[in-house]
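Engineer: Please work out how this folds:
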Amino acid sequence: MRGSNHNGMRQFNERTVLRAIRHNGAIPKADLARLTQLSTQTVSIIVNRLLEDGLLLKQDRIRGKIGQPSIPLSLNPDGAYSVGLQVGRRNLEVVVCDFLGQVRHSWQHNYPYPSPAEVIPKIQEGLNHMQAALGEAWSRCVGIGLSAPLAMHAWGDLMGAEASSVMAAWEDIDLVHLVQAMTPLPVEFAKDTTAACVAELVQGQGRDLPNFLYVYVGTFIGGGLVLDGHIVNGPRGNAGAIGSLPFANGQAYANKQLLELASGWQLEQSLMAVGLDPLLVGQDEIMNQAYDTHTQPWLAQAAQSLALAITSAAALLDLDAVVVDGSISPALLRALMQQTEKALGLVRFDGIHAPTLVAGKVGSMARALGGALLPLHAQFFPDKDIFLKQDAGTLSP
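Structural biologist: Here you go, the predicted structure:
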């Protein structure tokens, strides 16, 4: 985390200072100069500018040490806001987070499957609701982070014939263009599970784990990938798509993909088949013994298939850990992790490193929160592309 004292790097240096404060908490200017390896004068100029812009706050002076009392600087939570918009296969989530990445407002709309005729008007309704909730502070909103499955129309057949027919319409809808037409704010897009992975990287286990596979167990299971502390998107934005991992002939689940074996949808279907509420999958009540005939077969199947997927990923990527989170019940998720640990204990890891299995820290709101973090990252985090933009004349000294 180094800045540069060369001319033309003002924006990069400002972002470097903001990142240092974000990672280290309230800190005096002298310590900022040491951490960023910027000159004291450069740091002073940057800090004054960020204070004027309302992005930093001065804390109480620290006294009792040698030399002049120092004034720690912290991020101003109200310095900027961002909207996260998550369009999922079972619900729509809209959140507003502040400059610290803390959720200030949230709004949700549930549906049995994503019909464009229902979802699109609700997107506008959700955005209107967030603007009203922020009031005058909406002027400090820097953008909208949109997250959704890359292929909303895919696997509709797993949700039933009616759902498949309706969801097919998404194939011809440019969701990013549609949302951008609703607002003057810039719209950033990421695959839903990649957005959740962003949230975990910035606000959760990613602070301590440089290399991990991220697994999100929702209606369908999916994932993201972090290597050397950076999100790996891939050329088509689909890196970490573990839900599509196939299981070959000869295995117990031949010709199946992981999402057909370890998704919350299978358990929901089991509950609905006997007239029970599928939303139980998101509630800890699902772990009552009365539901064992549904949960235990699902846990056994999901854990075994997930363990095999993790082993394959570890062989290819040499991972430190696998972080597991999701929108299913926290108690059910813990049970899934416990059974997956047992299944991994039966797998041969000869010649490869067995990654640690750890629980995510963000929870069910990870996809929406990760979306909200995208505009903040684009606006305020150091970005190597800034150097290229400078050559194009878009960065002023």
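
Engineer: Check which helix or strand the nearest residue to P278 once chain neighbours are set aside maps to.
Structural biologist: Among residues not flanking P278 along the chain, E268 sits closest, at 3.7 Å (Cβ to Cβ, 6 or more residues apart in numbering). For the C-beta atoms, the positions are set from N, CA and C on the backbone; glycine is no exception. Using DSSP states H and E, E268 maps to helix 264-273.

Engineer: buried stuff in that helix?
Structural biologist: The neighbour-count check on helix 264-273 (16 or more other Cβ atoms under 10 Å) flags 264-271 as buried.

Engineer: distance between the helix or strand following it and the chain's centre?
Structural biologist: Of the helices and strands lying after helix 264-273 in sequence (DSSP H and E), the nearest is helix 292-317. Here helix 292-317 is found 22 Å from its chain centre; the criterion is Cα atoms, centre = their mean, to the nearest Å.

Engineer: and what of stretch 367-377?
Structural biologist: Distance, centroid of stretch 367-377 to centroid of chain: 7 Å (Cα atoms, centre = their mean).

Engineer: Same question for stretch 321-337.
Structural biologist: 15 Å.

Engineer: Can you get me the start-to-end distance on stretch 279-287?
Structural biologist: 13 Å (Cα to Cα, to the nearest Å).

Engineer: I352 touches A315, doesn't it?
Structural biologist: Yes: between I352 and A315 there is a contact under Cβ atoms under 8 Å: 4.9 Å.

Engineer: neighbour count winner among those two?
Structural biologist: Per other Cβ atoms under 10 Å, whichever of I352 and A315 has more neighbours is I352, with 16 against 13.

Engineer: Next, that one: secondary structure please.
Structural biologist: Of the three states, I352 takes coil under DSSP: H, G, I helix; E, B strand; the rest coil.

Engineer: mind checking how far it is from Q283?
Structural biologist: 37 Å (Cβ to Cβ, to the nearest Å).

Engineer: do the same with L35
Structural biologist: For L35 relative to Q283 (Cβ to Cβ), the value is 44 Å.

Engineer: now swap in M9 and tell me
Structural biologist: 51 Å.

Engineer: Who has more neighbours out of those two?
Structural biologist: When M9 and Q283 are compared for neighbours, M9 comes out ahead with 19 against 15, by other Cβ under 10 Å.

Engineer: Next one: the more buried one from T36, what distance?
Structural biologist: 12 Å.

Engineer: same check, this time on R89
Structural biologist: Counting by Cβ to Cβ - R89 and T36 are separated by 43 Å.

Engineer: Between those two, which has more neighbouring residues?
Structural biologist: Per other Cβ under 10 Å, whichever of R89 and T36 has more neighbours is R89, with 24 against 21.

Engineer: If we ignore the residues flanking it in sequence, what's nearest that one?
Structural biologist: Nearest to R89 is T219, by Cβ to Cβ, 6+ apart, at 4.8 Å.

Engineer: related to what we said a few turns ago, ok, the residue nearest to P278 touching L276?
Structural biologist: No: between E268 and L276 there is no contact, the gap being 9.4 Å when judged by Cβ under 8 Å.

Engineer: ranges for the strands of the stretch 101-250 of the chain?
Structural biologist: 103-110, 141-148, 187-191, 212-217, 221-227, 230-231, 246-247 (DSSP state E, counting those that start in this stretch).

Engineer: what's the third one in contact with?
Structural biologist: Around strand 187-191, the neighbours that count as contacts under Cβ atoms under 8 Å, 6 or more residues apart in numbering are 143-150, 175-176, 179-180, 198, 222, 224, 233, 237-238, 241, 370-371, 374-375, 378.

Engineer: and the angle for it with strand 221-227?
Structural biologist: The directions of strand 187-191 and strand 221-227 differ by 110 degrees, with axes from the mean of the first three to the mean of the last three Cα atoms, to 10 degrees as the criterion.

Engineer: and the angle from strand 187-191 to strand 141-148?
Structural biologist: 30 degrees.

Engineer: Partner strands of strand 187-191 and their direction?
Structural biologist: The strands beside strand 187-191 in its sheet (DSSP bridges) come out as strand 141-148 (parallel).
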